[in-house]
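S.K.: Mind looking at a prediction? Sequence and model below.
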Amino acid sequence: MAKPKRKGEMEIPNHIMADLCSRFVINSDGNEQHPIRIFYITEHAHWHYIDFYCNEQAELPKCNHKALTKYIFSYLPSLSHFLPKFDAMYQEWTVYKRSIPSYGGILLSPDYKHVLMVQGYTSKTSWGFPKGKVESEESGIECAVREVYEETGIDVEKQIHDAQYLDHWFSEQFTRLYIIPGIQTDSAIQPKLRKEIREYKWMPVEALPTHKNDPITKQSIGIEPNNFFKVIPFVSKLRKWIAKEKSEYKPTLPASEFTVKGRRGKGKEGQRRQGQPGPQGDAPPTREGQGRRGQQGQGPVARSLSEQFSDLLTTQGGQQGRPVQLMTRGGGGAMFGGGGRRDQYQDTDTKPGKSKTKANMNVGKLHLDEFHSKAMLNFKFDAEAILECLKW
């Protein structure tokens, strides 16, 4: 199984190759899968080789993913027949990999002023958001939760929202970042994968660049804006989202700051209902023909007039047979209204010098002008009954 060493080629000990192939390729049935799928399997083998072997044994050759994959193809007889077209296959896999969507998270502090940025282990300068490529049979939001946890150690499963995200296309690669506010800046940051994240830092949102020559970033955090080339497309959208969130947040006003319809400040509709009966008015329900008095009957003035007429009918008209004469405004002697001017009185059967007061009612004359007009309106409902008794 060992391959002969050639001049200029790297050499990895057989026990390490046997461990990598048995751990990732053979046990994963890599030699029976599509060749493109094998490159994903060898990618995990490469991470394991860098994390656990190269860091402990400095003499081991450090290589990239392509070099290690080609070494594995030459090491395993079941994959060696792919070597003649290896370069074309790897290029095809690279193009296909770029088409796989990436998902991640934009972790914001509770006051929306700071955002968590991470720096990849293989990159010494560039910064970005925690994100990664979606795996087989994995949803976008599941991928974002997994990648954030692997790169920061923060579990955002209960805080992530499937409707809060920003999208962008990098050439042929789609990236979606879910906005996750409310992350405390003192949260413990500990990546779960070795050699995955070199450094992390909470940075002001206002200091992130919107273009590669933005001077604010260099002045505020001392980093060249070009080092945020994968962050720049999201900065303007993120600031707009934060501004909208802050504008829509309005604390509840105290009771004295607003009015309630039908209570304080009823408005025109409430004023129209005021004094009206029914479920929306403030007056009690009334019976038909009784007006606002409702079930209480006539007002005190109207009841007083009715009692006085009753006394007159008994003492004056009933015993002596004299008709009751009324003093009315207007002419013609009509009981309610008639021709003539309102400011004139027409007297019937009155003597000079007699004062037209309530005291004169005992002589059979009733002066209605001394009662309020509303009392007259209330009294009008008894007029027909009185006329029927008098048979006028």
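M.R.: All right, it came through fine.

S.K.: For the helix ranked longest in the chain, which helices and strands make contact with it?
M.R.: The longest helix of the chain (DSSP state H) is helix 232-248. Secondary-structure packing of helix 232-248 (3 or more C-beta pairs under 8 Å, 6 or more residues apart in numbering; DSSP states H and E): strand 165-170, strand 173-180. C-betas here are computed from N, CA, C, even on glycine.

S.K.: what's the angle from that helix to strand 173-180?
M.R.: 30 degrees (axes from the mean of the first three to the mean of the last three C-alpha atoms, to 10 degrees).

S.K.: Out of the helices and strands packed on helix 232-248, which is closest to residue 60?
M.R.: Among the helices and strands packed on helix 232-248, the nearest to residue 60 by C-beta to C-beta is strand 173-180 (32.1 Å).

S.K.: and the angle for the helix or strand harbouring residue 103 with helix 232-248?
M.R.: Element membership of residue 103, judged by DSSP states H and E, is strand 102-107. Following the same axes, to 10 degrees, one obtains 50 degrees for the angle between strand 102-107 and helix 232-248.

S.K.: Let me see the mean pLDDT of strand 102-107.
M.R.: Taken as a whole, strand 102-107 carries a mean pLDDT of 98.

S.K.: Name the residues of that strand that are buried.
M.R.: Buried residues in strand 102-107, defined by neighbour count with 16 or more other C-beta atoms under 10 Å: 102-107.

S.K.: So which elements touch that strand?
M.R.: Applying 3+ C-beta pairs under 8 Å, 6+ apart, one finds that strand 102-107 makes contact with strand 114-120, strand 131-133, helix 140-152, strand 173-180.

S.K.: is it true that residue 194 touches residue 53?
M.R.: No: in this structure, residue 194 is not within contact of residue 53 by C-beta atoms under 8 Å, at 11.6 Å.

S.K.: Between the two, which has more neighbouring residues?
M.R.: residue 53 (16 against 13; other C-beta atoms under 10 Å).

S.K.: Are we agreed that the more buried one is in a helix?
M.R.: Yes: according to DSSP: H, G, I helix; E, B strand; the rest coil, residue 53 belongs to a helix.

S.K.: Contact partners for it?
M.R.: Applying C-beta atoms under 8 Å, 6 or more residues apart in numbering, we find residue 53 in contact with 16, 60.

S.K.: Next one: it relative to residue 20, how far apart?
M.R.: 9 Å (C-beta to C-beta, to the nearest Å).

S.K.: Please apply the same query to residue 109.
M.R.: Counting by C-beta to C-beta, the separation of residue 109 from residue 20 is 41 Å.

S.K.: go on, residue 90?
M.R.: 18 Å.

S.K.: Looking at those two now, which is surrounded by more residues?
M.R.: residue 20 (24 against 17).

S.K.: Now name the helix or strand holding that one.
M.R.: Using DSSP H and E, residue 20 sits in helix 14-20.

S.K.: buried stuff in stretch 186-204?
M.R.: 189, 191, 196-197, 200, 202-203.

S.K.: now, which of those sits nearest residue 49?
M.R.: The closest of those to residue 49 turns out to be residue 196 (C-beta to C-beta; 14.4 Å).

S.K.: SS state for residue 159?
M.R.: Recorded secondary structure, residue 159: coil (three-state DSSP).
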